[in-house]
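Participant: Here is the input, now give the coordinates:
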Amino acid sequence: MEDGIVLTMRGICKSFPGVKALNNVDFTLRKGEIHALMGENGAGKSTLIKVLTGVSDYIKDEGSIRIEGIEGEAKIHSPQQAQEVGISTVYQEITLCPNLTVAENMFIGRTRGPLVHKKDYEKRATEILRDLGIPARASQELSRCSLAVQQMVAIARAVDMKCKVLILDEPTSSLDDKEVERLFELMRDLKKKGVGIIFVTHFLEQVYAVSDRITVLRNGELVGEYLVENLPQVELVAKMMGKSLDDLAELERIGQKSGAGEEVVYEAEDISSSECRPFDFSIRAGEVNGFTGLLGSGRSESVRAIFGADRVTGGKVKVKGKPVHITKPHDAMKNGIGYLPEDRKRDGIIADLSVRENIILALQVIKGMNRPISRAKAEAFADEYVKALDIKTASLDTPVGSLSGGNQQKVILARWLLTHPQYLILDEPTRGIDVGTKTEIQKLVLKLAEEGMSITFISSEIEEMLRTCSRLIVMRDRKIVGELTGDDLTQVQVMKTIAGGEQ
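Facilitator: Next up is the predicted model:
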């Protein structure tokens, strides 16, 4: 290998039944480089990473992989072999064990030599957590940590391994701004030490904040490799999408947001749950509103209370003026409320079931299990929404867990649209998905609102909230601290409200 090169992948091909996931893809990673791997969902990013890390069923069909320090081609047929040759990976979805402690998660499978005893690896874990500024105790159960802290623990585990190549697959999707900057500092330190970092993210600003090079994939093929300073952001978007940016401009035009109707579809007084304080809330027909605030502010907990996903502890609720009792998700579904959850892996998809089975799931629950939907109707329903939402899948029988993240999100969205809800809650519907799919979902939200559906939209990206919502409920410390509409819907005003409370 050439001096300064830590990894080369040449002519990588990988096919699945009916799908050419990778076609003759090249990738080069240099020592001390942060290299962004970009592309829309389904472009082949995750497949390329899984090929590199030896994930089962993702062994390459053709091509070669070479790693610095290894004579000839690297034979990687399992994640364990990948670790042994110096490749550490942190995936988008957290793959740790919530029932184990933080320290056990950091050292599971590695407690040999000097770290045999529990007190030894807890001491080492404590040192790592302190050095990285992670607010967790080595002895505490991982499930008691927030999603953001769990992600940081996964990163700490990968970093502590002696790696030449560190793969970060959407590592910032659950982190707040301070945690993102802490991660970037860590990445820069590792870069100085000569570690090559493959950075996969859908936050374009983060790419330009920390990366040296960008490789773009589209439809399983290589578009090109570029120095960051030679690729303006607008050109990156165009290369990822493979089409003009008219759709983005159209979204901005649509995003002027027509006014909502007069009818109040849902209203709650002093609603509370085991996870959130009492609050008042209402939404009108055709309105798109949203809860915003920093990570841990209570935005997700609030909508989970509305849907009955957490234990409801108080409050009065009306749907279209009629008092109703919603204490569990089935109550909400019966009253025309749908909910796309923040964590699609844990609360959304059923990975082993097919695309068809996942799409009809909510409708089947509403109808009752003693009134099964026929196979013919299920096929028709699923086919309709696969086409309507442009879900990329080999067939309706494909396990939904094998789809890309953006297509999994579309399947969950299809599930709720099939029930024709009058009120739809979307919690982080565009997290971890590509620019093109984000645009599609945002346009769909505005189209549904124009047709009269009420929608609550939550996103960690304030710009996305401002494009989509006509009213923002601002939260801090699990309580509402302000409400913004009209000319106050600006990023500056949102941040002022979060920082200063009610305006």
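
Participant: who's residue 267 bridged to?
Facilitator: Beta-bridge partners for residue 267, by DSSP bridges, are residue 282, residue 318.

Participant: next one: stretch 415-431 to chain centre, how far?
Facilitator: Stretch 415-431 has its C-alpha centroid displaced from the chain centroid by 16 Å (Cα atoms, centre = their mean, to the nearest Å).

Participant: could you give the mean pLDDT of that stretch?
Facilitator: The average pLDDT within stretch 415-431 is 92.

Participant: Keeping just the C-alphas, turn it into PDB.
Facilitator: The C-alpha trace of stretch 415-431 is given here as PDB (Å, rounded to 0.1, in the frame of the first residue of the first chain):
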ATOM      1  CA  ARG A 415     -48.500   2.000   8.600                       C
ATOM      2  CA  TRP A 416     -50.200   5.100  10.100                       C
ATOM      3  CA  LEU A 417     -51.400   6.700   6.900                       C
ATOM      4  CA  LEU A 418     -53.200   3.400   6.200                       C
ATOM      5  CA  THR A 419     -55.300   4.000   9.300                       C
ATOM      6  CA  HIS A 420     -56.300   7.500   7.900                       C
ATOM      7  CA  PRO A 421     -55.700   9.300  11.300                       C
ATOM      8  CA  GLN A 422     -57.200  12.700  11.900                       C
ATOM      9  CA  TYR A 423     -54.200  13.600  14.100                       C
ATOM     10  CA  LEU A 424     -50.600  12.300  13.400                       C
ATOM     11  CA  ILE A 425     -47.600  12.700  15.700                       C
ATOM     12  CA  LEU A 426     -44.200  12.400  14.000                       C
ATOM     13  CA  ASP A 427     -41.300  12.300  16.500                       C
ATOM     14  CA  GLU A 428     -38.000  12.700  14.600                       C
ATOM     15  CA  PRO A 429     -39.400  11.300  11.300                       C
ATOM     16  CA  THR A 430     -36.300  12.500   9.400                       C
ATOM     17  CA  ARG A 431     -33.500  11.500  11.800                       C
END
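
Participant: buried residues in it?
Facilitator: Within stretch 415-431, the residues that count as buried by 16 or more other Cβ atoms under 10 Å are 415-419, 421-431. For every residue, glycine as well, the C-beta is placed using N, CA and C.

Participant: quick check, nearest of those residues to residue 377?
Facilitator: residue 418 (10.7 Å; Cβ to Cβ).

Participant: Considering the buried residues of stretch 415-431, which is situated nearest to residue 298?
Facilitator: Closest approach between these and residue 298, by Cβ to Cβ: residue 427, at 12.3 Å.

Participant: circling back: inside strands: which ones of the buried residues of stretch 415-431?
Facilitator: 423, 424, 425, 426, 427 (DSSP state E).

Participant: mind checking how far the first one is from residue 314?
Facilitator: Going from residue 423 to residue 314 by Cβ to Cβ, to the nearest Å gives 21 Å.

Participant: so where's this structure uncertain?
Facilitator: 1, 41, 92, 110-116, 161, 174, 243-260, 295, 432, 500-503 (pLDDT under 70).

Participant: Show me the domain layout of it.
Facilitator: Per automatic domain parsing, the structural domains of the chain span 5-250, 264-336+460-503.

Participant: all strands of the stretch 201-350 of the chain, in order?
Facilitator: 213-218, 221-227, 264-273, 276-284, 288-292, 312-319, 322-324, 337-340 (DSSP state E, counting those that start in this stretch).

Participant: Reformat those as TSV; add mean neighbour count and distance to residue 19.
Facilitator: Converted to TSV, the strands of the stretch 201-350 of the chain look like this (neighbours: other Cβ atoms under 10 Å; distance: least, Cβ to Cβ, whole Å):
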stretch	mean neighbour count	distance to residue 19
strand 213-218	22	14
strand 221-227	15	13
strand 264-273	19	40
strand 276-284	18	40
strand 288-292	26	34
strand 312-319	17	43
strand 322-324	10	45
strand 337-340	25	25
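
Participant: Can I get those in a markdown table including distance to residue 16?
Facilitator: As requested, the strands of the stretch 201-350 of the chain are exported to a markdown table (distance: least, Cβ to Cβ, whole Å):
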| stretch | distance to residue 16 |
| --- | --- |
| strand 213-218 | 16 |
| strand 221-227 | 16 |
| strand 264-273 | 42 |
| strand 276-284 | 42 |
| strand 288-292 | 37 |
| strand 312-319 | 43 |
| strand 322-324 | 45 |
| strand 337-340 | 26 |
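
Participant: mind checking which of these is nearest residue 457?
Facilitator: Proximity to residue 457, assessed across the strands of the stretch 201-350 of the chain by Cβ to Cβ, is greatest for strand 288-292 (4.5 Å).

Participant: Which one of the strands of the stretch 201-350 of the chain lies nearest to residue 299?
Facilitator: Per Cβ to Cβ, nearest to residue 299 of those: strand 288-292, 3.8 Å.

Participant: now the closest one, how far from the chain's geometric center?
Facilitator: Its chain's average C-alpha position is 18 Å from that of strand 288-292, according to Cα atoms, centre = their mean.

Participant: any idea how far the residue nearest to residue 298 when sequence neighbours are not counted is from residue 301?
Facilitator: Distances taken as Cβ to Cβ, 6 or more residues apart in numbering put residue 478 closest to residue 298, at 3.3 Å, once the chain neighbours are dropped. Using Cβ to Cβ, residue 478 is found at 6 Å from residue 301.
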